[in-house]
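Asks: predicted model follows, preceded by the sequence.
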There are 2 protein chains.
Amino acid sequence: MQTVHISAKADYGMRALLELTAAYQDNPKQLVKGDVISKAQDIPVKFLEGILRQLRQSGIVASQRGAEGGYRLDRSPAEVSIADVVRALDGPLAAVRGQRPEDVAYAGPSEHLKEVWIAVRAAMRDVLEHITLADVAANNLPAPVTALLDEPGAWQRRNS
Amino acid sequence: MQTVHISAKADYGMRALLELTAAYQDNPKQLVKGDVISKAQDIPVKFLEGILRQLRQSGIVASQRGAEGGYRLDRSPAEVSIADVVRALDGPLAAVRGQRPEDVAYAGPSEHLKEVWIAVRAAMRDVLEHITLADVAANNLPAPVTALLDEPGAWQRRNS
DNA sequence: ATTTTTCCTACTAAGTTAATGGGAAAGATA
DNA sequence: TATCTTTCCCATTAACTTAGTAGGAAAAAT
């Protein structure tokens, strides 16, 4: 239904990683159990397990099984961008009718529509690739991003 | 699967409107038949009919039934933004787990995640609300948008 | 009347999302 | 060794969305 959709997976994944970021800043090797994250962020525990496994397979998270096991960040939170997380969980950032924007072809007066979709993807990258877990944890977003938040109406839904 | 997805409806809708833009610039009252648009842009004709009806209900397109009928833009192409089109066909620009970004609530270290999603929506609006049908038809996009297209790598997919 | 064209409702197949369930594997402790 | 804990992995599912298709009613022109 929506053009930009942050899926439950991406949203839950970011929340889980922000819990791991807090633990990492206390002690980089500290493990946090899935059950603890699940309760802290109110995420269904089995769903969370799958998300954390995908994040491990992408090299963002490390895990240890067994008693005293759990999850931790495998990289510094300043080196994990939101784009990394979203790509790990939901695949490519942008698509046009299921294809990559650069792969679609247009005829006649639609010739330059492709540029529009490429620009949409570039705008999305400019936000998501430049915000890290550390930025969100510290509430210290890059200046171009805070500029977006200061635009009039940014926090309100559009009337039309 | 993807965070940003331009649906078939939005893509077809834009292409149909760009055909109507060309006709409008020839003569603002000129009607174009659905069948002609369908063939020019290779869009399934019954699917296109539904799209054009939605665009009419949103006041972007006007139509006339019967022989010598067809569709035309109901506003100047310089006054129709891509955001108008996408909202008419796919609803709100952005959602987080099916809700409006400003309606989601976060606890603990996720507290400031909401700002991120609001910024994502603002970035999308900044592109889609400032490009009009006339801009795309004339291949004359606003300067901030062409700046996005000139960024290194904007036209390539990401390696990771 | 007949033809043309849009308008409207209903239906459908395939795919995606957001989960759930069961159990295997690995690690810690006694 | 036995037991407990926790992650890992595979299969399944209900609800929803997407991308259409089908059939015919309504309106306009000749």
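Replies: Yep, it's here. Nothing here was measured: the structure is a model prediction, and the numbers come from that model.

Asks: does DNA strand D have contacts with stretch A:11-26?
Replies: No - residues of stretch A:11-26 are not located near DNA strand D by Cβ under 7 Å from any atom of the strand, the shortest gap being 10.7 Å. Every residue, glycine included, has its C-beta placed from N, CA and C.

Asks: in chain A, which spans are strands?
Replies: All strands of chain A, identified by DSSP state E, fall at A:4-6, A:61-64, A:70-73, A:94-96.

Asks: possible to save the ones you listed as TSV with distance to B:Ala78, mean pLDDT and mean neighbour count?
Replies: Output for these, formatted as TSV (distance: least, Cβ to Cβ, whole Å; pLDDT from 0 to 100; neighbours: other Cβ atoms under 10 Å in any protein chain shown):
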stretch	distance to B:Ala78	mean pLDDT	mean neighbour count
strand A:4-6	25	98	23
strand A:61-64	49	98	16
strand A:70-73	49	98	21
strand A:94-96	24	97	23
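
Asks: JSON lines for those, including distance to A:Lys33?
Replies: Listed next are the strands of chain A as JSON lines, based on distance: least, Cβ to Cβ, whole Å:
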{"stretch": "strand A:4-6", "distance to A:Lys33": "26"}
{"stretch": "strand A:61-64", "distance to A:Lys33": "10"}
{"stretch": "strand A:70-73", "distance to A:Lys33": "4"}
{"stretch": "strand A:94-96", "distance to A:Lys33": "35"}
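
Asks: any chance of those strands in a markdown table, with distance to DNA strand D too?
Replies: Converted to a markdown table, the strands of chain A look like this (distance: least, Cβ to the nearest atom of the strand, whole Å):
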| stretch | distance to DNA strand D |
| --- | --- |
| strand A:4-6 | 8 |
| strand A:61-64 | 3 |
| strand A:70-73 | 4 |
| strand A:94-96 | 9 |
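
Asks: nearest to A:Ala154, of these?
Replies: Nearest to A:Ala154 among the strands of chain A is strand A:4-6 (14.4 Å), distances taken as Cβ to Cβ.

Asks: does chain B sit close to that closest one?
Replies: Yes - counting by Cβ under 8 Å from any Cβ of the partner chain, chain B is contacted by strand A:4-6 at A:Val4, A:His5, A:Ile6.

Asks: does the first one touch B:Val4 like I think?
Replies: Looking back up the chat, that one is A:Val4. Yes - between A:Val4 and B:Val4 a contact is recorded at 5.3 Å, counting by Cβ atoms under 8 Å.
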